[in-house]
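[1] Let's see this in three dimensions:
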Amino acid sequence: MKKSGITALCLVLISCFTVTAAACGENGGQPDADSHVCADICATCGGCLTDCTEPECAAKCDCEPVSVEHTQTMLLKGTIWETAVHKYVTDKAGPKIAIVGGIHGDETAGWTAGLELVDKLNGNTKGICGQILLIPQANIIADNRTERYAGSKNSKNGIGTVNGVTYSDLNRSFPDGRASNAQQATVTISEAVRLEVEAFNPDYVIDLHESQHSYTNQSVTTNLGDTLIYKNRAMFMDDLIYYYNKAYRQSGETEFTSNPACKQGSFNLYFTNLYPEKAVFTIETNRGYVAGQGDTVQLAKRVRQQTNILEALFDLVWERKDVSDIL
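    Here you go, the predicted model:
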């Protein structure tokens with residue numbers, strides 16, 4: 001072949017490669033179709049979101065755009081216990097999920113994860129469907145004071161006082177087994193939270209907590225950490241734990257496991273009994289508490305675990321990912 005013919009052939013090949021590579025954008029197509037991985041995949045249906053012409057991208061996303069209406073109201077508005085309630089309503093059918101954080105103010109990762117979820121949902125609603133009710137800081141005074149309940153650091157007989165108001169453990173003040181020492185201010189908060197969640201009529205109910213120690217530490221009794229507490233829908237919950245451990249748990253971290261320890265007067269027990277056919281569970285991360293040192297497990301890690309368990313739940317109930325290779 002003449003030199004000019006070789007040159008022309010090379011130009012044609014280079015031109016073909018350029019067109020193919022451009023089909024999926026800068027991070028898209030490859031000259032070898034067998035190795036092509038699209039850079040833009042819909043999280044809901046798995047279809048390609050670009051005009052890529054590679055065979056692997058023949059299935060295009062046909063999802064309807066999801067409209068999300070976010071409203072913020074105030075629970076116990078006008079009182080010292082006023083706290084934000086966020087509701088996300090989409091125009092796509094799906095489950096109703098209620099999430100409550102901050103019932104215990106010293107369990108910082110729970111209410112921090114709730115606040116982070118607000119920011120995330122406000123900025124990225126990819127794959128979302130149905131509705132979400134989110135109360136990040138149910139026990140706002142205790143949360144702001146990082147106390148189990150307001151005044152608990154200097155409490156007597158399970159009763160604390162802040163600015164002349166007495167408080168008790170919010171997670172022992174719900175109707176199923178309400179503690180005899182439940183203070184009126186605390187009952188007022190628990191009733192407001194209860195009625196808000198009930199009015200929403202959720203399919204899934206989650207409260208965000210922490211324990212001082214991991215379940216792996218058998219030398220102490222405060223060892224609910226690294227567990228999900230539940231009694232209802234055991235098969236679904238077992239799948240959720242397994243999926244989280246396989247898809248989200250980072251290398252070297254303790255595997256989460258199940259725990260049936262619903263306490264009398266707790267948010268969990270009340271809604272477990274109210275909704276026996278629904279998934280109701282408590283997330284308990286591990287603070288690694290050491291006397292004289294405080295929490296030894298980094299807050300960022302605990303918050304990540306809280307949010308990742310919620311992400312695992314969203315994957316399953318929104319069906320935004322194909323998890324068949326894991327479950």
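
[2] Any regions of this structure where pLDDT drops low?
    Residues of the chain meeting the criterion pLDDT under 70: 1-35, 39, 43-44, 63-65.

[3] Helices of that one, start to end?
    Remark: helices assigned in the chain by DSSP state H are 3-22, 108-123, 140-145, 184-200, 234-247, 267-274, 299-318.

[4] Any idea which of those helices gets closest to residue 98?
    Residue 98 lies closest to helix 184-200 among these, at 5.0 Å (CB to CB). Yep, even glycine has a C-beta here, placed from its N, CA and C like the rest.

[5] Columns distance to residue 42 and mean neighbour count on top of the helices of the chain, output as CSV?
    Shown next, in CSV, are the helices of the chain (distance: least, CB to CB, whole Å; neighbours: other CB atoms under 10 Å):
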stretch, distance to residue 42, mean neighbour count
helix 3-22, 21, 11
helix 108-123, 18, 20
helix 140-145, 37, 22
helix 184-200, 28, 19
helix 234-247, 19, 17
helix 267-274, 34, 22
helix 299-318, 13, 20
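
[6] can you put those in JSON lines and add distance to residue 41?
    Formatted as JSON lines, the helices of the chain follow (distance: least, CB to CB, whole Å):
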{"stretch": "helix 3-22", "distance to residue 41": "18"}
{"stretch": "helix 108-123", "distance to residue 41": "20"}
{"stretch": "helix 140-145", "distance to residue 41": "38"}
{"stretch": "helix 184-200", "distance to residue 41": "32"}
{"stretch": "helix 234-247", "distance to residue 41": "16"}
{"stretch": "helix 267-274", "distance to residue 41": "36"}
{"stretch": "helix 299-318", "distance to residue 41": "14"}
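
[7] Can you say which of these is nearest to residue 175?
    Nearest to residue 175, of all the helices of the chain, is helix 267-274, at 5.9 Å by CB to CB.

[8] Could you check the angle the closest one makes with helix 184-200?
    Angle, helix 267-274 to helix 184-200, by axes from the mean of the first three to the mean of the last three CA atoms, to 10 degrees: 40 degrees.

[9] gap between the closest residue to residue 223 other than its chain neighbours and residue 243?
    Excluding its sequence neighbours, the residue lying closest to residue 223 (CB to CB, 6 or more residues apart in numbering) is residue 213, at 4.3 Å. According to CB to CB, to the nearest Å, residue 213 stands 25 Å off from residue 243.

[10] Which neighbouring residues are in contact with the nearest residue to residue 311 once chain neighbours are set aside, exactly?
    Leaving aside its chain neighbours, residue 311 sits nearest to residue 248 (6.7 Å; criterion: CB to CB, 6+ apart). Counting by CB atoms under 8 Å, 6 or more residues apart in numbering, residue 248 touches 308-309, 311-312.

[11] could you redo the last one with a cut-off of 10 Å?
    256, 304-305, 307-309, 311-312, 315 (CB atoms under 10 Å, 6 or more residues apart in numbering).

[12] Likewise for residue 59?
    Per CB under 10 Å, 6+ apart, neighbours of residue 59: 38, 41-42, 45-48.

[13] now residue 232
    Shown in contact with residue 232 (CB under 10 Å, 6+ apart): 205, 271-273, 275-281.

[14] For it, give its distance to residue 274.
    Residue 232 sits at a distance of 10 Å from residue 274 (criterion: CB to CB).

[15] Next, show the common contact partners of these two.
    Joint contacts of residue 232 and residue 274 (CB under 10 Å, 6+ apart) are 205, 280.

[16] Show me the contact partners of stretch 218-226.
    209-217, 249, 253-257, 259, 261, 263, 282-289, 297, 302, 305.

[17] from those, which would you call buried?
    By neighbour count, with 16 or more other CB atoms under 10 Å, the contacts of stretch 218-226 hold 209-215, 217, 249, 256, 259, 263, 282-289, 297, 302, 305 as buried.

[18] Does residue 264 touch residue 169 like I think?
    No: using CB atoms under 10 Å, residue 264 makes no contact with residue 169, being 11.0 Å away.

[19] Comparing those two, which shows the higher neighbour count?
    Neighbour comparison, residue 264 and residue 169: the larger count goes to residue 169, with 26 against 12 (by other CB atoms under 10 Å).

[20] hang on, that one packs against residue 182?
    Yes: with contact defined as CB under 10 Å, residue 169 reaches residue 182; the gap is 7.9 Å.

[21] what's near enough to touch residue 255?
    Contacts of residue 255 (CB under 10 Å, 6+ apart): 215-216, 226, 241-242, 244-246, 249.

[22] Overlap in contacts, residue 264 and residue 169.
    residue 179.

[23] how near is residue 285 to residue 310?
    For residue 285 relative to residue 310 (CB to CB), the value is 12 Å.

[24] Mutual contacts of the two, please.
    Here residue 285 and residue 310 share the contacting residues 113, 208, scored by CB under 10 Å, 6+ apart.

[25] Give the buried subset of the contacts of residue 59 as a PyMOL selection command.
    Buried residues among the contacts of residue 59 (16+ other CB under 10 Å), as a PyMOL selection:
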select buried, resi 38+41+42+45+47+48
